[in-house]
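Asks: Sequence isn't available, so here's the structure alone:
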Ligand code: B12
Ligand SMILES: Nc1nc2c(ncn2[C@@H]2O[C@H](COP(=O)(O)OP(=O)(O)OP(=O)(O)O)[C@@H](O)[C@H]2O)c(=O)[nH]1
Ligand SMILES: [Mg+2]
C-alpha cells in the first residue's frame, strides 16, 4: 500500500465521499498498513464536531436513544456520525453486532453515518481505534458525533472517555443498575438519564442517582445522614469541581467553592433527566442539557484541557504499543521469550538480568545521542 | 505476536428487505456466520432498499447477504444493486441472496450482479466456504 493511495482516500473523504469515510474507518479498525498515515493526515481537519458518549447497562435503551438524538439533530439541519462499539464481542472469532437494528428514524439518510465496531484485534487499544474513527467522522464534517458503548469495565470507560460529554443511561427498577454505577461508571457521567421513564420505579431511580451524585461530589455529605433527601439536590450550587474525572472528584475536597466568591469558575453539577427513548419523550431536555454542558466546557476552559489530556494519552498509548512491538521483535531476534523463560526456570539467569540484556541496545542507542 | 490484521475478519451485513416477516433463516445464517468467525451486522426486519444500501456503504461490509422469502426479490434486489453502484460499493462487495427464490428467477438476479443464491437445504458449510473463498480482498 503506497502513501499515494492513503492520500487519495483522505482526499475523497474530505470531499464528502461516504465510501471513502467508510473505508478509512475500516483501515483504522483493522489497523491495516497505512492507517496511521490516514489518521495523521486527517488530524489537521478535526476539532469542529461535538462528541457525546453514551454508556449504560445492556438493554438500557442506548441505541434507541441514539436514534432519536440523531433524528433531532438532523431535523435541525445538522449532520451526525455514530460509532456503536461492542466491546463484549470476543477479541478473536465472530460476533453479531446488533445496535444498528434500532436505527429506524433515519431511513436511508446518508447524513446519519452509523458504524458498528467490535473489539477485534484491539487488545487494549479499543479506545484508540474509537478515537481515530471519531477523527475520521470529525474531519468528514459531521457536526455531531455520538459514541455508544455498554458500560461494563475499564475498556468501555476508556472508550466513552474519548467523548467531551458522557451520558450514563440507567433503566428504572432493578437497583442493580445503580449498584453497578458505583463500580466506576458513576465517576465519568456528566449527566445521567433514566430511560424507560414509562416504566415503574423511574422516580425512585432518579432519587437514588441524585443521592449518589451528591455523595460523589461532596464526600462529606454522608456524615450528616439526616439531611440529604432528594430536595437537597434542587440546589444547583452545591457541587464543586462538579464535573471532573474520577480522581479529581475524590481529591477535590479542598477546592470547596465559596458561593460569595465573585469570579469563581463555572461549575457543572451532573443532572438527572428522564426519557422514553421509544417515543422521544424528554429528548428536547436532553439536547438542551447536552448543549449546556458543552457551553460549560467552553466557558471553563475544560474543553481545551480535555483535548490536551486526550492528546497526551494518545501519545503515550501509541508509544507504549510501538515500543512494545520493538521489544517483541528484539525478543524474537534473540530466540524468543520461551528460551529465556526456560533459562530463568533453570536458574541459569533471572528475569531482571534478561530484561537488562534485551534492553541494552535500546539504552545504548538513546544514551549515545547528543541532543 | 503482532495483532496487525494478520488474520482478516470478514464483515457481513445480513439484511431483511421489504415486507417480509420470515426471519428464521436470517437468524440461522447470522449465527452460523458468527460461529464461522465472521463479524455479522443484522439489519432487523422490514428494511427499505435505501436502508440496506446505507448500511452496506457505511459499515463497509465485505459481504451483503439478503434474505427474501416474500417473493418480491425481482423488484427489491435490483434496487439494492443500483444503490450500491451509485455509491461505488458494488465492485468490492460480495452480494449473496437466500430464501425462497424460484429456479426461473435465478439467472436474472445473477445477471444483476448477485454473486450466488442459497436456498433452503443448502449445506451451511457450502455457504461459509463460498464466502471465505470469494470475500473481496481489502487492503
Ligand atoms: C415458518 C414460515 C412462516 C412463519 C415465519 C416465522 C418467522 N418468524 O420466520 C409465519 C407463520 C409467520 C409465516 C407467515 C407467512 N408466510 Co410463511 N412460511 C414459513 C415456512 C413454512 C418456513 C420458513 C422457515 O422459517 N424456514 C426455516 C428457515 C431456516 O429456512 P429459510 O428461511 O428458507 O432459510 C434457509 C435458506 O433459505 C437460506 N437463507 C435464508 N436467508 C438467507 C440469507 C443469506 C444471506 C443466505 C446466504 C442464505 C439464506 O439459509 C437458510 C438455512 O438453510 C415457509 C415454507 C418453506 N418451507 O420455506 C413459508 C413461506 C415462506 N411462507 C409463505 C407465505 C406466503 C407466508 C404468508 C404471506 C402467509 C401465509 N400463507 O402463511 C405470511 C407472511 C408473513 C410475513 N409478514 O411476511 C410462502 C412464501 C411464498 C413465496 N415466497 O412466494 C412460503 C414459501 C410457504 C408457501 N409454500 O407458500 N410463514
Ligand atoms: N418501555 C420502554 N422500552 C424502551 C425504551 N427505550 C428502549 N426500549 C426498549 O428496550 C430494548 C433495548 O433497547 P436498545 O436501544 O437496543 O438498548 P441498548 O442499551 O442499545 O442495548 P445494547 O446495545 O444491547 O446494550 C428495546 O426493545 C427497546 O425498544 C423506553 O424508553 N421505554
Ligand atoms: Mg445498543
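Replies: Yep, it's here. Everything numeric in this text was worked out from a predicted model, so none of it was measured. Residues are numbered from 1 along each chain as shown, chains lettered A, B, ... in the order given. Ligands and ions are numbered 1, 2, ... in the order given.
Asks: if I look at the residue in the stretch 1-150 of chain A positioned nearest to ligand 1, how far off is residue B:99?
Replies: Relative to ligand 1, the nearest point of the stretch 1-150 of chain A is residue A:96 (13.7 Å; Cβ to the nearest ligand atom). For every residue, glycine as well, the C-beta is placed using N, CA and C. Noted for residue A:96: a distance of 19 Å to residue B:99, by Cβ to Cβ, to the nearest Å.
Asks: what helix or strand does the residue nearest to residue A:107 when sequence neighbours are not counted sit in?
Replies: Distances taken as Cβ to Cβ, 6 or more residues apart in numbering or on different chains place residue B:51 nearest to residue A:107, at 5.4 Å, with adjacent residues excluded. Secondary structure assignment for residue B:51, by DSSP states H and E: helix B:49-59.
Asks: Let me see the residues that make contact with that helix.
Replies: With contact meaning Cβ atoms under 8 Å, 6 or more residues apart in numbering or on different chains, helix B:49-59 is reached by A:18-19, A:22, A:100, A:107-110, A:113-116, B:11, B:13, B:15, B:17, B:41, B:43, B:47, B:61, B:64, B:66, B:76, B:79-80, B:83-84, B:86-87, B:89, B:93.
Asks: Of these, grab the buried ones for PyMOL.
Replies: Remark: buried members of the contacts of helix B:49-59, expressed as a PyMOL selection using 16 or more other Cβ atoms under 10 Å in any protein chain shown:
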select buried, (chain A and resi 18+19+22+100+109+113+114+115+116) or (chain B and resi 11+13+15+17+41+43+47+61+64+66+76+79+80+83+84+87+89+93)
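Asks: show me where pLDDT drops low in chain B?
Replies: B:1-7, B:138-139 (pLDDT under 70).
Asks: Now it against ligand 1: closest residue?
Replies: For chain B, Cβ to the nearest ligand atom, closest residue to ligand 1: residue B:98, 1.9 Å.
Asks: Let me see the contact set for that residue.
Replies: Neighbouring residues of residue B:98 by Cβ under 8 Å, 6+ apart: B:25, B:29, B:65, B:66, B:67, B:68, B:117, B:118, B:119, B:122, B:127.
Asks: Distance check, the closest residue to the fifth one other than its chain neighbours against residue B:106.
Replies: In space, not counting the residues next to it along the chain, residue B:67 is nearest to residue B:26; the distance is 4.2 Å by Cβ to Cβ, 6+ apart. Using Cβ to Cβ, residue B:26 is found at 19 Å from residue B:106.
Asks: Would it be right to say that residue A:8 lies in a helix?
Replies: Yes: Residue A:8 forms part of a helix when assessed by DSSP: H, G, I helix; E, B strand; the rest coil.
Asks: For the residue in chain B that chain A sits nearest to, grab the count of nearby residues.
Replies: The nearest approach of chain B to chain A comes at residue B:50, 2.8 Å away (Cβ to the nearest Cβ). By other Cβ atoms under 10 Å in any protein chain shown, 16 other residues sit near residue B:50.
Asks: Residue B:26 and residue B:106: who's more crowded?
Replies: residue B:26 (24 against 16).
Asks: any idea which element that one lies in?
Replies: Short version, using DSSP H and E: residue B:26 is in helix B:24-35.
Asks: residues near residue 55, how many?
Replies: In the absence of a named chain, chain A is used. Residue A:55 has 26 neighbouring residues, counting by other Cβ under 10 Å.
Asks: oops, chain B please
Replies: Other residues lying near residue B:55 total 23 when counted by other Cβ under 10 Å.
Asks: ok, it to residue B:67 distance?
Replies: Distance from residue B:55 to residue B:67, by Cβ to Cβ: 14 Å.
Asks: what's the answer for residue A:205, then?
Replies: Applying Cβ to Cβ, the value for residue A:205 to residue B:67 is 39 Å.
Asks: Can you pull the residues of the stretch 251-371 of chain A lying near ligand 2?
Replies: Counting by Cβ under 6 Å from any ligand atom, the residues of the stretch 251-371 of chain A lying close to ligand 2 are A:276, A:277, A:278.
Asks: need the contact list for the second one.
Replies: Under the criterion of Cβ under 8 Å, 6+ apart, the neighbours of residue A:277 are A:61, A:64, A:65, A:67, A:68, A:195, A:196.
Asks: Just put these in TSV and tack on distance to residue A:284.
Replies: Formatted as TSV, the contacts of residue A:277 follow (distance: Cβ to Cβ, whole Å):
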residue	distance to residue A:284
A:61	17
A:64	16
A:65	13
A:67	16
A:68	10
A:195	15
A:196	18
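Asks: and the two most separated of the residues you listed?
Replies: A:67 and A:196 (14.8 Å; Cβ to Cβ).
Asks: Compare neighbour counts for those two and give me the winner.
Replies: Legend: neighbour count by other Cβ under 10 Å for residue A:67 and residue A:196, higher for residue A:67 (26 against 23).
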